[in-house]
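>>> Okay, predicted coordinates and the sequence, questions at the end:
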Amino acid sequence: MNKITPVAAWSYLVIATLLEAALANKVLSLNTTYTDIAIGVLAASQVATVGAIYLGLKYEPRAVVGIAVASLFFAVLAVVLALGSLGH
Amino acid sequence: MNTAWLKRWLFTTNHKEVGILYLVTSFFFAFLAGILAFLMRTQLALPSEKFLAPPQYNEAVTMHGLLMVLWFLSPLGIAFANYFVPLQIGAKDVAFARLNATSYWLYVFAGFAAFASFFVPGGAPAGGWTNYAPLTSTQYQPGIGETLGAAGLIVIAASNTVGTINILVTILFHRAHGVTFLKLPMFTMFTFWTMLQFLWAFPSLLAGLIMLEADRLLGTSFFTSAAGGSVLWDHVWWFFGHPEVYIVLLPAFGIAAQVISTFAGKPIYARKPLFAAVGIIVLLSYMVYGHHMFLTGINLTEREIFTINTETISIPFGVLMLSFIGTLYKGALRLTTPMLFALGSVVIFVIGGLSGVFNSSLALDIALRGTYFVVGHFHYVMVGASEFGLFAGIYYWLPKMTGRMYNENLGKTHFILSFVGFNLLFFPMFYLQDMPRRIVTYTADTGWGPYNFLSTVGAFIFIPSQLLLVVNMIMTLRGPHAPANPWNSTDREWSTETTMHPSTGLGNGLGNGTTHSLPEASHETSPLSTRPIILCLGLAVSVAGVAFGWPVIVVGVLIFAWGIGGWAWDDYHGKFTLPEEEEGERWPFSKVSKNKLAMWTFLGSEAVLFGVLLGSYAFIRLNFPYWPPPGSLHSITLGTTDTILILTSSLALYLGLQSIRNGNSARLIGWLGGTFLLGIASLAIKGSEWYNLITGSPTPFAGLPESTFFVTTGIHGAHVLAGLLLVLYVMRKASAGGFSAKNYGTVENLNLYWSFVSSVWLVVFAMFYLI
């Protein structure tokens, strides 16, 4: 990896963080649902960026990516099954 | 007294000796659990019995279940994994010898902590082995026993995580040439899948216990509020608890597969479908747990999904049974003791499995869930099938472990008494479909008396008959010498030489497989290390200290620091080294280092830990109508600043890693210094937020928004703190020239850990501060 990539990733992460904060502060006057969705998408993109660059998943063998994806799957599964039980 | 003998057992890191320690210790805990079972069955033998007072009965039920599942059945499988996985795959030892001893000592001290709860004010945990909320709250269990018991569970969760990573990496990284995945011996193959279950199930238990202890000690309200409460606990518990059923079952089936194959004189039938079926069981085991919650009123659609999933899991189990039957078909059967126990395991499982199909039905489960029918069902599956399979393993491998033969007649007597006693003990429970579980007594007019009496007679046959096994094992130590391969097995472990260890007197088969060759002496002098036992004692004392107060915690932390400091010192000075493994089969991780694979595996379990914590937060929040809007409880500005600090620290560490890849130690130290300072700044911000929340309210932990914030950011903060200590260690090592362009694995792993912690924070930031 060249030296620019991690710095570029960091720049994106910081900008996304500031954008999230701006959204939460209602700078864009979106309604709550859209704001939350936008923040969620930005946060997911940030996690993906950290995963790809700093955790190095972009450069790791598929098997390592497999461990990460499988673990994420079970983490998300726990959340989905718990939240899915709400309501009648 | 022979101190060399004692030192060898206390400080050993040898996989076989650790395996034997696990085996013996699991029997010790089984003995305790068995006594409790005796007490329970005596109480229920006759109507209106007053042998035990209700609180004592509840404690006996709870601790019996916990000890049996977590301190006997699971560890017995781990004992065999320790001893035989390296032999079966042709490895010299497990991947991380000291970690192996660490997982064992954590297990021991966890058990002591949990069992000690009987002797503290308030008595032992009494909410059932499932620790159902709110029975575990301070309202119902105000004494410190429940706190101590939960602390024991936390420590054993840590033990299992450490052990899991070790055995997984061993299987993935230390296979000899020719031992490809599809050629794994049956026991190792089943162990591999079991370890994956350990990896993703136990973090859920750990997360639940952390929240439970927070409720009990800090006054948070995860499981005492309407928004979280018992349903949240059920989710957290059963996401761990149902896979745990298979965690105790699958190693036993791995043994059964191997034993049946050996004594039928045929290779296992449908090997590849069997491999796939076990994988499918592992996957589905996380998706069926909701059938334990059919009575809780969860969403109907989800209940239907859980019904379908539960019925579906019977298909791969059917494949297992067909494989076993296919192996037996037209085989030259030899009904030795291990074979009898293996067949007993399968028969008992079929009865238990068929009764389980009833419970998968939403409609039937509503009628049966809270009754003794379920007690019968899960004892058939979890206890009978597992225990018989594991006992098959003991008899099968005793000649390998001791170099001597056991008494066959005594073994068969043990089997007959066990099989008769077990069925007499649990089969009558299927007729008690109207007897509620967990009741301390009943009246004669219920008609439950005869079944309960039969059941107690069964217990009085089944439990004492296990002493025959112990007697047989002891007699074996002085029994006739065993041939090298008494069963004419084709499995790899029998192709290795069995020798007597000079100090332990037990068999210490070299286990180098057929393709690895290691001089006998080098294996038998595997290094001793005092660090694991000290470290584990410190960790257990500090965690158990939450029940006793700060002085105990401080003492524990000091002991832990002594242990971990010594460990780091050993590493720093190269005092603990193991012979390098020859490179064998490493697919699909041939391009990944062993330490890096271990770190990724660890992060996998961490992902589930944080997933459950954040999921619990989301669950509570969606259930709670008065959640403060963003910016009102937590400052968005502070959160944003904190996030930028953490992200910048990640960049700094990553640039440090790049520096050392280029061979520049000085720059690495500089970047690590930056990471450290940024991490400290982040913790300072967190501290200020905590201070403001704590000083801003007379009951700072009581509210749900506060509860979730304190626990989630607290756990995250603890991870940051641990990372900072690692940064200091790496800086010290770097300053002594410990890293180079070709040797930077520790820095790489630190970067992985730190980046993971940063990525978790990004989710925490969005969920707690912004949405």
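Okay, I see it. Numbers count the residues shown, from 1 in each chain, chains lettered A, B, ... in the order given.
>>> thinking B:I351 is in contact with B:Y380, fair?
Yes - the criterion here is CB atoms under 8 Å, and B:I351 meets it with B:Y380 at 5.3 Å. Backbone N, C-alpha and C define where each C-beta goes, glycine included.
>>> what about these two, which has more around it?
The neighbour count for B:I351 versus B:Y380, taken as other CB atoms under 10 Å in any protein chain shown, is higher for B:Y380 (26 against 19).
>>> model confidence over the helix or strand harbouring B:S616, on average?
B:S616 is part of helix B:594-623, with elements assigned from DSSP states H and E. The average pLDDT within helix B:594-623 is 97.
>>> helices or strands up against that helix?
Judged by 3 or more CB pairs under 8 Å, 6 or more residues apart in numbering or on different chains; DSSP states H and E, the packing partners of helix B:594-623 are helix A:62-84, helix B:144-173, helix B:186-217, helix B:229-264, helix B:704-735, helix B:745-764.
>>> do the fifth one and chain A meet at all?
No - applying CB under 8 Å from any CB of the partner chain, one finds helix B:704-735 separated from chain A by no less than 13.3 Å.
>>> Specify the angle between that helix and helix B:186-217 in degrees.
Interaxial angle of helix B:704-735 relative to helix B:186-217 (axes from the mean of the first three to the mean of the last three CA atoms, to 10 degrees): 120 degrees.
>>> Who are the contact partners of B:P483?
With contacts defined as CB atoms under 8 Å, 6 or more residues apart in numbering or on different chains, the neighbours of B:P483 are B:P399.
>>> That one looks like it's in a strand, true?
No - B:P483: not assigned to a strand; according to DSSP: H, G, I helix; E, B strand; the rest coil it is coil.
>>> Pull the number of nearby residues for B:L613.
B:L613: 28 surrounding residues under other CB under 10 Å.
>>> ok, it - contacts?
B:207, B:210-211, B:711-712, B:715.
>>> repeat that for 10 Å
Taking CB atoms under 10 Å, 6 or more residues apart in numbering or on different chains as the contact definition, B:L613 lies against A:75, A:78, B:203-204, B:206-208, B:210-211, B:222, B:236, B:708, B:711-712, B:715-716, B:760, B:764.
>>> before we move on, what about B:M767?
By CB under 10 Å, 6+ apart, the contact list for B:M767 reads A:39-40, A:43, B:614, B:617-618, B:621, B:708, B:712.
>>> Give me the pLDDT for residue 80.
Since you didn't name a chain, this refers to chain A. A:V80 is assigned a predicted lDDT (pLDDT) of 94.
>>> wait, chain B
You'll see B:F80 listed with a pLDDT of 98.
>>> Tell me how many other residues surround residue 36.
I went with chain A, as the question did not name one. Neighbour count of A:D36, defined by other CB under 10 Å: 17.
>>> oops, chain B please
Residues lying near B:L36 (other CB under 10 Å) number 22.
>>> what helix or strand does it sit in?
B:L36 is located in helix B:15-44, with elements delineated by DSSP H and E.
>>> And that helix, what's buried?
Residues B:15-23, B:25-27, B:29-30, B:32-34, B:36-41, B:43-44 are the ones in helix B:15-44 that count as buried (16 or more other CB atoms under 10 Å in any protein chain shown).
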